[in-house]
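Colleague: here is my input; please provide its structure:
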Amino acid sequence: MRTEPRPLLLSLALLSGALLAAGALTGCPRPATEAPRDAVGDALIPRAVIFGNAKKSGLGLSPSGKQISFLAPVQGVPNVWVQTIGSEDARPVTRDTYRGISTYFWTPDGESILYLQDAGGDENHRIYQVLLSSGEIRLLTPEKGVKAGVVAVSRHHPDTILISMNQRDRTLFDVYRLDLRSGKSSLDTENPGGVVSWVADFDLQVRAALQMDPSEGGKRLLAREAVDRPWKVIRTWTVLESGGPVAFTRDGRSIIALGNKGSDKLRLYTIDVSDAKLTEIYSNPKADLSDVELNPEDRRIEAVSVEHVRKEWKVIDPGFTPDLEAMQKHAGLNRFGIVSRSRDDKRWIVALGGPNLPARYYLYERPARSFKLLVDTRPDLARYRLSPMEPLIIRARDGLELVSYLTRPASPLAGKPPLVLFVHGGPWSRDTYSYDPWVQWLANRGYVVLQVNFRGSAGFGKAFLNAGNKEWGRAMQNDLTDAVRWAISNAGVDPRRVAIMGGSYGGYAALAGVAYTPDLYAAAVDIVGPSNIVTLLQSVPPYWKPMLAVFRTRVGDLDKDRAMLLDRSPLCHAHKIRAPLAVFQGANDPRVKIHESDQMVAAIRRRGGKVLYVVYPDEGHGFRREPNRMDFIGRAEAFLAEHLGGRLETLSPVRGSTAKIVTAVPKAAEIRCEAPPRQDHP
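Modeller: Below is the predicted model of the structure:
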């Protein structure tokens, strides 16, 4: 979560179309360190210690720098708390009693906190305001069935923020100006069509937009010299290129942007609004730029980060060098980043993270270059020995280099260990060298865990991303297959005990793995994964429609490529699946709707196959409520232990979980393929 809307890196969802990343598999950045001497080496780490609600997380700094905010449970449900730095006066300021809060931030005047909340995972977020002086909570976007988000805030306009809503047209987001005093909003900028992202200048005027071409899938950067001037195109990217705006410069004359037109890797540059002149600032030959750190007051570009195998920072503004050096010295080999800053920029909250230690938040006093620990998000994990993560490069069958991560159990089982291939979502996302609770959980149960940035993953350049175009179930899946075979030959894993597991696209890959390579896997776990690409594309949320052309290029055209899409759909190969399968689904998922799981389970059961099918009626694209999350983890752990022989913590009913084991799938779910599948899958 982000506790203040800061103009960092444009979401990869807009740069390259990453739209199927599972909420269930989201993790915070974390740190790496040696296990403490008193660690419990062979002990099972309780699931609640890894996956239960953190005691504190998601820190933010008030504009004055005198208070911190954080997420912490109130009767088991995550809520926002506020505390004076150096005092013991922490108090909850929100009162959610069911689903919990995950995204919030301070208003620029420091007098209230805004948070976003949806209903049961439907992703139609509403914006709420907490008035800190009175405790009153106001719903600022009451419209039902409307998705709201924050576009921009400004410390120079403390009473106003810009928000986006698809109230007028469910397929498009307009910008509204919201008065924080009255709680009233008014239309500020109407979407001319296809705009998927807005950018305001330093004076909180909407002056740039990223527009999708609905026919070709390319992107256009629109800008205007003033709000009363016409929009004009100052930069374009084809569907095979990535790019987009980061923020306006302080003077409003230029836009800071990222893009790979004319290069393979994402570059950082400015674009002059008046004449579209481009001035390059930084590029790296190894990987795309991943973060851009801007000074919130004058919009100076202070530093950028690049992540190939590990995350690395590069200073752009020499004045930032002492701060970066201080953070690097304090972090060691760990990941780090600035979470929020005080208005006077003298106090920051810095998060540290890495493979072996959960997130820690520090108060960084800039004048003294000093750090004070504020929160260790998972202090109970310090008692246990976590498993080391090894970065490596695996070569695919065609020679393509795949940045991957192998985590071996700190306490291995006897004999050759089992392997779990854990596949990331997106698919236009990536795995990183960082703490991942799922990986540590699996490794603690005795599994070697392999994560692979297969072709089509984001962050490794244009050619690597485009190598995955129309390769669902083929070359992208082959990369996973090749990585498993590498692990069998080089990591000493038991070839008879290999499972594939993932969420969203990772769930698709799990289904594809047991359908296309049935002899390779002993089990599969599918979490909110699509089974039929045709029905997936036919049922996308309305606000994805401007981006459907991207899907036509990267996945396939529903009309021209229908036969291919059906052939790449695991549903059409359900008869080949022999490995035990577990399917977990949120009933309200707006991205991968429940019929994707229903029809797959129906197809397997129709042929006498066995599937564990669990549905959570109050969840969406991932399992956010702690009781449901704990229920899911417990069932998945028992499933893997049964079929791979890993360690198992006692499984018992989870109070408050809404899990439903589905034994009879609705007849309407029994969707058959429209064309016979080909038999030439690898």
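
Colleague: where does residue 319 land in three-state SS?
Modeller: helix (DSSP: H, G, I helix; E, B strand; the rest coil).

Colleague: give me the number of residues near it?
Modeller: The number of residues packed near residue 319 is 10, by other Cβ atoms under 10 Å. Where C-beta positions appear, they are placed from N, C-alpha and C, glycine not excepted.

Colleague: that one and residue 302: what is the separation?
Modeller: 8 Å (Cβ to Cβ, to the nearest Å).

Colleague: one more: residue 500?
Modeller: Relative to residue 302, and taking Cβ to Cβ, residue 500 is found at 41 Å.

Colleague: which residues in the stretch 1-150 of the chain form strands?
Modeller: Remark: strands assigned in the stretch 1-150 of the chain by DSSP state E, counting those that start in this stretch are 57-61, 67-74, 77-84, 91-92, 103-106, 112-117, 126-131, 137-139, 148-153.

Colleague: quick one, helices of the stretch 1-150 of the chain?
Modeller: For the stretch 1-150 of the chain, the helices defined by DSSP state H, counting those that start in this stretch cover 12-15, 47-51.

Colleague: what lies in contact with the last one?
Modeller: Outside helix 47-51, the residues that touch it by Cβ atoms under 8 Å, 6 or more residues apart in numbering are 378, 380-381, 384, 437, 440-441, 629-630, 633-634, 637, 649.

Colleague: in helices, which of those appear?
Modeller: If you go by DSSP state H, the contacts of helix 47-51 have 437, 440-441, 629-630, 633-634, 637 in helices.

Colleague: double-check that residue 643 belongs to a helix.
Modeller: Yes - counting by three-state DSSP, residue 643 is located in a helix.

Colleague: let's have the chain start at 37 instead
Modeller: From this message on, residue numbering opens at 37, which makes the last subject residue 679.

Colleague: now residue 307: which helix or strand?
Modeller: Using DSSP states H and E, residue 307 falls within strand 303-308.

Colleague: run me through the strand neighbours of that strand, direction for each.
Modeller: strand 290-295 (antiparallel), strand 314-318 (antiparallel) (DSSP bridges).

Colleague: next, count neighbours for the closest residue to residue 336 other than its chain neighbours.
Modeller: Among residues not flanking residue 336 along the chain, residue 353 sits closest, at 5.1 Å (Cβ to Cβ, 6 or more residues apart in numbering). Using other Cβ under 10 Å, the number of residues around residue 353 comes to 16.

Colleague: ramachandran angles for residue 353?
Modeller: Residue 353 adopts backbone torsions of phi -100, psi 120, taken as degrees, to the nearest 10.

Colleague: can you pull the contacts of it?
Modeller: 331, 336-339.

Colleague: how far away is the residue lying closest to residue 383 once chain neighbours are set aside from residue 403?
Modeller: Taking Cβ to Cβ, 6+ apart as the measure, residue 383 lies nearest to residue 101, with 4.0 Å between them; neighbours along the chain are not counted. From residue 101 over to residue 403 the distance is 12 Å, taken as Cβ to Cβ.

Colleague: what about the two, which has more around it?
Modeller: Neighbour count, other Cβ under 10 Å: between residue 101 and residue 403, residue 101 has more, with 21 against 7.

Colleague: just the pLDDT for that one.
Modeller: pLDDT, residue 101: 97.

Colleague: one step back: any idea how far residue 600 is from the residue nearest to residue 336?
Modeller: 49 Å.

Colleague: what about the strands in the stretch 587-718 of the chain?
Modeller: 617-622, 647-652, 696-697.

Colleague: wait, which of those is closest to residue 465?
Modeller: strand 617-622 (18.9 Å; Cβ to Cβ).

Colleague: and residue 551, that one's in a strand?
Modeller: No - judged by three-state DSSP, residue 551 forms no part of a strand; its state is helix.

Colleague: what about it, neighbour count?
Modeller: 29.

Colleague: okay, the helix or strand harbouring residue 234 in PDB with CA atoms only?
Modeller: Assessed by DSSP H and E, residue 234 sits inside strand 231-236. The C-alpha trace of strand 231-236 is given here as PDB (Å, rounded to 0.1, in the frame of the first residue of the first chain):
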ATOM      1  CA  VAL A 231      -7.600   7.700 -21.500                       C
ATOM      2  CA  VAL A 232      -6.400   5.300 -18.900                       C
ATOM      3  CA  SER A 233      -4.200   7.500 -16.800                       C
ATOM      4  CA  TRP A 234      -4.200  11.200 -15.900                       C
ATOM      5  CA  VAL A 235      -1.400  13.500 -14.700                       C
ATOM      6  CA  ALA A 236      -1.800  16.900 -13.000                       C
END
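
Colleague: now do it and strand 184-189, the angle between them.
Modeller: With axes from the mean of the first three to the mean of the last three Cα atoms, to 10 degrees applied, the angle from strand 231-236 to strand 184-189 works out at 30 degrees.

Colleague: below-threshold pLDDT in the chain: ranges please.
Modeller: 37-77, 704-708, 710-718 (pLDDT under 70).

Colleague: returning to that earlier point: in CSV, list the contacts of residue 353 along with neighbour count and distance to residue 302.
Modeller: What follows is the contacts of residue 353, written out as CSV (neighbours: other Cβ atoms under 10 Å; distance: Cβ to Cβ, whole Å):
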residue, neighbour count, distance to residue 302
331, 15, 21
336, 15, 20
337, 21, 14
338, 20, 18
339, 20, 16
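
Colleague: mind putting the residues you listed in JSON lines, secondary structure included?
Modeller: Shown next, in JSON lines, are these (three-state DSSP):
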{"residue": "331", "secondary structure": "coil"}
{"residue": "336", "secondary structure": "coil"}
{"residue": "337", "secondary structure": "strand"}
{"residue": "338", "secondary structure": "strand"}
{"residue": "339", "secondary structure": "strand"}
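
Colleague: returning to what we had before: most packed of the strands of the stretch 37-186 of the chain?
Modeller: Comparing these by mean neighbour count (mean count of other Cβ atoms under 10 Å), strand 93-97 ranks first with a mean of 24.

Colleague: give the partner strands of it in its sheet and their orientations.
Modeller: Partners of strand 93-97 in its sheet, by DSSP bridges: strand 103-110 (antiparallel).

Colleague: just the element for residue 329, please.
Modeller: Secondary structure (DSSP H and E) places residue 329 in strand 325-330.

Colleague: and the angle from that strand to strand 303-308?
Modeller: 50 degrees.

Colleague: so what does strand 325-330 touch, helix or strand wise?
Modeller: strand 279-284, strand 290-295, strand 303-308, strand 337-343 (3 or more Cβ pairs under 8 Å, 6 or more residues apart in numbering; DSSP states H and E).

Colleague: quick one: closest of the ones you listed to residue 652.
Modeller: strand 337-343 (32.7 Å).

Colleague: then the helix or strand just after the closest one to PDB, C-alphas only?
Modeller: Once strand 337-343 ends, the next helix or strand along the chain (criterion: DSSP H and E) is strand 347-351. What follows is strand 347-351, C-alpha atoms only, in PDB (Å, rounded to 0.1, in the frame of the first residue of the first chain):
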ATOM      1  CA  LYS A 347      17.600  -3.900  -7.100                       C
ATOM      2  CA  GLU A 348      20.100  -1.200  -7.600                       C
ATOM      3  CA  TRP A 349      19.800   2.600  -7.100                       C
ATOM      4  CA  LYS A 350      21.500   5.300  -9.200                       C
ATOM      5  CA  VAL A 351      21.800   9.000  -8.000                       C
END
